[in-house]
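Student: Quick one, fold the following:
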Amino acid sequence: MNPLEAEATAHTQEQQTPDVTELILQDILAGRLPPGTWLKQIDLERRYNCTRPEVRRALDRLVQKRLVEHVPNRGYHVHEQDGRRAQEVSDIRVILEVAVCDRIIANASAADIANLRVLASRFDDLVLNGTTLELYEANLAFHRHLLALAGNQELVELITEIRQRTSSAPVSQWRTRARIEQSGREHQQMVDAIEGRDVDRLTELTRRHILQA
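Tutor: Numbering: from 1, shown residues only. Sure thing, here's the model as predicted:
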């Protein structure tokens with residue numbers, strides 16, 4: 001095998017190797033790694049047949065997603081949900097995001113609406129073919145673009161910071177295919193409301209979407 005063939009083979013094998021981050025995430029969502037579980041790196045190496053650097057990168061990525069918590073000098077553990085805090089964060093998001101629905105509709109151009117539709121459709125496509133992490137990123141992209149239409153970057157950053165005070169709400173609540181599909185339908189309905197310049201409809205959809213009603 002010449003060097004080019006060897007490189008191509010290695011690349012193919014790398015693409016076929018399951019992502020360690022996704023494997024850990026799936027075990028967390030399935031309850032195989034319940035909240036509070038300490039994640040010893042040596043155990044994860046054996047569990048997923050991977051290297052220590054791969055485990056460390058995966059854990060650090062999950063820390064960024066607020067699904068794993070890093071305690072200095074102790075290690076990593078699965079984030080423990082605080083139901084009260086999560087509810088209070090959702091309530092704050094409803095107050096802030098509902099308040100700018102009229103601005104979003106007033107500012108949304110035809111191009112903005114088309115971009116939102118693309119982002120909503122990407123989420124739908126990933127329901128069928130994507131990983132949970134890809135869905136998570138697609139969901140954030142949709143909501144960032146939506147909020148940006150209010151014309152207040154400080155609001156976008158504030159809501160992003162508030163969401164990080166609890167573990168990642170969308171990922172932790174997408175425990176069934178039905179819930180994921182419902183979120184996708186709500187995205188499309190929100191775009192429909194903006195396109196139809198229906199503030200009341202967008203307001204109600206935003207509230208229900210945040211509260212996972």
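
Student: The chain: helices as residue ranges?
Tutor: Taking DSSP state H as the criterion, the chain contains helices spanning 3-16, 20-29, 41-48, 52-64, 83-99, 101-107, 110-129, 132-148, 153-163, 169-173, 177-195, 199-211.

Student: wait, which of those is closest to residue 73?
Tutor: Each of these has some distance to residue 73 by C-beta to C-beta; the shortest is helix 41-48, at 14.3 Å. For the C-beta atoms, the positions are set from N, CA and C on the backbone; glycine is no exception.

Student: what's the closest one in contact with?
Tutor: 18, 20, 23-24, 50-52, 54-56, 58-59, 75-76 (C-beta atoms under 8 Å, 6 or more residues apart in numbering).

Student: For residue 38, see how far away the most centrally placed residue in the chain is.
Tutor: Centroid-nearest residue in the chain: residue 136, 2.3 Å away (criterion: C-alpha atoms, centre = their mean). Note on residue 136: its distance to residue 38, by C-beta to C-beta, to the nearest Å, is 23 Å.

Student: before we move on, what about residue 20?
Tutor: Distance of residue 20 to residue 38, computed by C-beta to C-beta: 17 Å.

Student: With residue 153 instead?
Tutor: 38 Å.

Student: Also residue 61?
Tutor: 18 Å.

Student: What residue spans form the domains of the protein?
Tutor: For the chain, the TED database gives the domain ranges 20-78, 83-212.

Student: related to what we said a few turns ago, which one of the helices of the chain lies nearest to residue 70?
Tutor: With C-beta to C-beta as the criterion, residue 70 lies closest to helix 52-64 of the helices of the chain, at 5.1 Å.

Student: tell me which strands and helices the closest one is in contact with?
Tutor: Helices and strands touching helix 52-64, by 3 or more C-beta pairs under 8 Å, 6 or more residues apart in numbering; DSSP states H and E, are helix 20-29, helix 41-48, strand 68-71.

Student: closest one to residue 202 among those?
Tutor: That would be helix 20-29 among the helices and strands packed on helix 52-64, by C-beta to C-beta, at 29.8 Å.

Student: now that closest one and helix 41-48, what's the angle there?
Tutor: Interaxial angle, helix 20-29 versus helix 41-48 (axes from the mean of the first three to the mean of the last three C-alpha atoms, to 10 degrees): 90 degrees.

Student: where's helix 20-29 relative to the chain centroid, distance-wise?
Tutor: 14 Å (C-alpha atoms, centre = their mean, to the nearest Å).

Student: what's that helix packed up against?
Tutor: If you count contacts as 3+ C-beta pairs under 8 Å, 6+ apart, helix 20-29 packs onto helix 41-48, helix 52-64, helix 132-148, helix 169-173.

Student: Against residue 195, how distant is residue 80?
Tutor: Distance, residue 80 to residue 195, by C-beta to C-beta: 41 Å.

Student: show me what contacts the closest residue in space to residue 27 that isn't next to it in sequence?
Tutor: Counting by C-beta to C-beta, 6 or more residues apart in numbering, residue 27 lies nearest to residue 33, which is 4.6 Å off, once chain neighbours are set aside. By C-beta under 8 Å, 6+ apart, the contact set of residue 33 is 24, 27, 39, 78.

Student: okay, residue 33: pLDDT?
Tutor: We note a pLDDT of 88 for residue 33 in this prediction.
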